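>>> Let me see the structure of the following:
(chains A, B, C and D)
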4 protein chains.
Amino acid sequence: MGITLEHAQAAIQAAHQKALEMGVKMNIAVVDAGANLVAFARMDGAWLGSLDISIKKAKTARFFDMPTGAIGGLSQPGGSLFGIEHSNGGLISFPGGIPIKDGHGQVVGAIGVSGSSVENDHAVAEAGQQAIEGK
Amino acid sequence: MGITLEHAQAAIQAAHQKALEMGVKMNIAVVDAGANLVAFARMDGAWLGSLDISIKKAKTARFFDMPTGAIGGLSQPGGSLFGIEHSNGGLISFPGGIPIKDGHGQVVGAIGVSGSSVENDHAVAEAGQQAIEGK
Amino acid sequence: MGITLEHAQAAIQAAHQKALEMGVKMNIAVVDAGANLVAFARMDGAWLGSLDISIKKAKTARFFDMPTGAIGGLSQPGGSLFGIEHSNGGLISFPGGIPIKDGHGQVVGAIGVSGSSVENDHAVAEAGQQAIEGK
Amino acid sequence: MGITLEHAQAAIQAAHQKALEMGVKMNIAVVDAGANLVAFARMDGAWLGSLDISIKKAKTARFFDMPTGAIGGLSQPGGSLFGIEHSNGGLISFPGGIPIKDGHGQVVGAIGVSGSSVENDHAVAEAGQQAIEGK
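Numbers count the residues shown, from 1 in each chain, chains lettered A, B, ... in the order given. The predicted structure is shown next:
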């Protein structure tokens, strides 16, 4: 299913390191091509409510093979995907979830981060994504 | 886990008393640091639908260590957290949930109140919060 | 709906007192005639998993107007109600839930207790029930 | 909330190492004192269905502060806790979940392992538990 545990743990370690540098406390989740959890870490003192959000961001990014924020742009009132968050047991459609691709551009999983502003969440997720894609 | 039953019951009693003075009928819930229910009371004649809302408000306030209304300010259409209510089995993001801190500023739990206007809900929650924090 | 908050809190106080005397740590829940929670208390150090069980015991006792253990006697493999626990979002069919009646023998609610052996749970629930029925 | 991410990751690493030695593929979950997930890892090729089971085992062990298998001994047909699995959104009551204590004997979390026989699951969970308790 694409992402190995080794890759997922490398992504979490890189995201964790990035969060420490930024001084933020994150929940970090990595799912595989089947949108099932591979690895997860909650930093000490990170928001409890972000546990579920980080996992839902990772799943959402893999469900539609796009960053979660892109879905949120379409799910606003009047938008073409308004209400999509009600599907799949609950989606999260604001930034912080990013698909992860292999060397052939194939989506093999996704990372989801939650615990700070959506800009910070996205930046930390990107650090995790690049730890895998840069390999 | 932070809040004792004695503290939680003192918070509920103070909130109950405040509600009586204001002439409103409330559901009042207190959760601990793990966001698990410690004590609950539903005043006679209070809205049945507010039972679940009061518990979700208390959980939401602890999940993100901020008053529930602060989340609602960010989760409106176009806001950065639009749709966050779909996480954690359902959040409530309008006022009436407040975190409770110990003497060191550490969040040890939260109180959630529902049964009237959100302004009244918040005022009654505040009375409960202060019964613990003022100790 | 039968049980007042005053009665429910008296039942919880009596059950709490009984638990202290027995040296056990309990979750105690009281529901009204509509099987909706009226009051709840979790003693310090009581099992977290008993939170949900105490509420489900109270609901189960009111759902069928009998002690929860009586249902368990019928829901064993081969019994007439085998599998009934799958209904109503999850029932608990072992002892610790007891219906509460008014002076006319009408069921007005129920109490559910969880945190020790089922014998202890039942004894503590009975102390709560009697605090209301004895009034 | 008891267990730090550092401890949880050390437990997962030790359990992972033990699983490699035994030639089994496991899902490994660690929860804190509030029964909320702190860290998780799914080994490559481990059963997908064991993902949820490992998390539920960790939660169950913390919910009742005992190894999950001890609950299963009481929840058989005719046993005093028959059907307890229907509570708390689903419990797992066979071996593989173990509470984790601090130096004072206080339960600070739990580990849950799933992916092989229950004997193997328990052995791998024990390796994780000891990585924290032995510190």
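
>>> Near A:F40, how many other residues are there?
28 (other CB atoms under 10 Å in any protein chain shown). C-beta coordinates here come from the backbone N, C-alpha and C atoms, glycine included.

>>> can I assume it sits in a helix?
No: going by DSSP: H, G, I helix; E, B strand; the rest coil, the assignment for A:F40 is strand, not a helix.

>>> Go ahead and confirm it touches A:I55.
Yes: with contact defined as CB atoms under 8 Å, A:F40 counts as touching A:I55 (7.0 Å).

>>> tell me, what's touching those two both at once?
When contacts are counted by CB atoms under 8 Å, 6 or more residues apart in numbering or on different chains, A:F40 and A:I55 are jointly contacted by A:N27, A:A29.

>>> dump the residue contacts of the residue positioned nearest the centre of chain A.
Nearest to the mean C-alpha position of chain A, counting by CA atoms, centre = their mean, stands A:G112 at 1.6 Å. A:G112 makes contact with A:28-31, A:53-61, A:68, A:92, A:96-98, A:125, according to CB under 8 Å, 6+ apart.

>>> give the contact list for A:G96.
Contacts for A:G96 (CB under 8 Å, 6+ apart) come out as A:53-54, A:57, A:68-69, A:112-114, A:118, A:121-122, A:124-125.

>>> quick one: which of the residues you listed sit in strands?
Mapping these onto strands (DSSP state E) picks out A:G112, A:V113, A:S114.

>>> Quick check, A:F94 in contact with B:F82.
Yes: A:F94 is within contact range of B:F82, at 6.2 Å (criterion: CB under 8 Å).

>>> Show me what the single nearest residue of chain A relative to chain D is bridged to.
Per CB to the nearest CB, the residue of chain A with the smallest distance to chain D is A:F40, at 4.0 Å. In this structure, A:F40 bridges to A:A29, D:F40 when assessed by DSSP bridges.

>>> Poorly predicted segments of chain A, please.
Within chain A, the stretches with pLDDT under 70 are A:1, A:135.

>>> still on that earlier bit, and A:F94 and B:F82? which has more neighbours close in?
Set A:F94 next to B:F82 and count neighbours by other CB under 10 Å: A:F94 wins out with 27 against 19.

>>> For the more buried one, which three-state class applies?
Under three-state DSSP, A:F94 falls in the coil class.

>>> ok, now which ones touch A:K56?
Residues in contact with A:K56, defined by CB under 8 Å, 6+ apart, are A:G90, A:L91, A:I92, A:G97, A:G112, B:H86, B:S87.

>>> Please provide the alpha-carbon coordinates for stretch A:109-116, formatted as PDB.
C-alpha atoms of stretch A:109-116 as PDB (Å, rounded to 0.1, in the frame of the first residue of the first chain):
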ATOM      1  CA  GLY A 109      -0.500   8.100   1.300                       C
ATOM      2  CA  ALA A 110      -0.900  11.400   3.100                       C
ATOM      3  CA  ILE A 111       0.100  13.400   6.200                       C
ATOM      4  CA  GLY A 112      -2.200  15.400   8.400                       C
ATOM      5  CA  VAL A 113      -1.100  17.900  11.100                       C
ATOM      6  CA  SER A 114      -3.200  19.800  13.700                       C
ATOM      7  CA  GLY A 115      -2.400  21.900  16.700                       C
ATOM      8  CA  SER A 116      -1.800  25.500  15.700                       C
END
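
>>> Which helix or strand contains the nearest residue to A:E126 once chain neighbours are set aside?
Leaving aside its chain neighbours, A:E126 sits nearest to A:I98 (6.4 Å; criterion: CB to CB, 6 or more residues apart in numbering or on different chains). Using DSSP states H and E, A:I98 maps to strand A:97-101.

>>> other SSEs contacting that strand?
If you count contacts as 3 or more CB pairs under 8 Å, 6 or more residues apart in numbering or on different chains; DSSP states H and E, strand A:97-101 packs onto helix A:49-64, strand A:107-114, helix A:118-133.
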